[in-house]
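K.L.:
Just need the structure, nothing else, for what follows:
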Amino acid sequence: MSTSEKHPYPPCWNPGCVDEVPCCLPATPKFTWPELRGVDGQTAKATIEKENPVVTGVIKSPGDAPFGDICCNRVVIHVDNGGVVKSIPMVG
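P.N.:
Numbers count the residues shown, from 1 in each chain. Below is the predicted model:
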């Protein structure tokens with residue numbers, strides 16, 4: 001997948017990765033967003049999708065089931081009960 005090609009999520013796009021790093025790195029222009037920790041989840045989603053048009057941001061709230069797969073076209077955004085990003089969003 002080139003950096004200009006978006007694989008819509010869902011479904012998961014995975015070229016055979018078993019670990020996010022380094023498998024997804026060549027396919028995506030930006031991999032992590034440490035600067036978004038503490039930001040509103042919806043704002044983080046919009047920022048991520050603007051900065052990396054290859055991915056789709058997916059907001060996960062406390063109690064949501066974790067994903068059991070690695071997707072190079074998804075960024076998981078974990079938020080607290082107030083909707084604020086609690087960990088560094090990353091591709092996977």
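K.L.:
how about the strands of the protein, start to end?
P.N.:
56-60, 74-78, 90-91 (DSSP state E).
K.L.:
hmm, who's touching the first one?
P.N.:
Put plainly, it is strand 56-60. Under the contact criterion CB atoms under 8 Å, 6 or more residues apart in numbering, strand 56-60 has outside partners 8-9, 41-42, 44-46, 48-49, 66, 73-79, 89. (C-beta placed from N, C-alpha, C; glycine too.)
K.L.:
Name the single longest helix found in this structure.
P.N.:
helix 41-51 (DSSP state H).
K.L.:
Sort out which residues of it are buried, please.
P.N.:
For helix 41-51, the buried set under the neighbour-count rule, 16 or more other CB atoms under 10 Å, comprises 41, 44-45, 47-48.
K.L.:
Please produce a markdown table containing those residues, extended by pLDDT and distance to residue 24.
P.N.:
Output for the buried residues of helix 41-51, formatted as a markdown table (pLDDT from 0 to 100; distance: CB to CB, whole Å):
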| residue | pLDDT | distance to residue 24 |
| --- | --- | --- |
| 41 | 98 | 22 |
| 44 | 98 | 19 |
| 45 | 97 | 18 |
| 47 | 97 | 19 |
| 48 | 95 | 14 |
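K.L.:
any idea which of those is closest to residue 62?
P.N.:
Of all these, residue 41 has the smallest distance to residue 62: 11.8 Å, by CB to CB.
K.L.:
For the residue nearest to the closest one when sequence neighbours are not counted, which residues are in contact?
P.N.:
Distance criterion CB to CB, 6 or more residues apart in numbering; nearest residue to residue 41, sequence neighbours excluded, is residue 79 at 4.0 Å. With contact set as CB under 8 Å, 6+ apart, residue 79 has these partners: 41, 59-62, 85-86.
K.L.:
State the pLDDT value of residue 79.
P.N.:
Here, the pLDDT recorded for residue 79 equals 98.
K.L.:
Run a quick check on residue 75 versus residue 87, I expect a contact.
P.N.:
No. Applying CB atoms under 8 Å, one finds residue 75 not in contact with residue 87, separated by 11.7 Å.
K.L.:
Between these two, which is the more surrounded one?
P.N.:
The neighbour comparison of residue 75 against residue 87 (other CB atoms under 10 Å) goes to residue 75, with 27 against 14.
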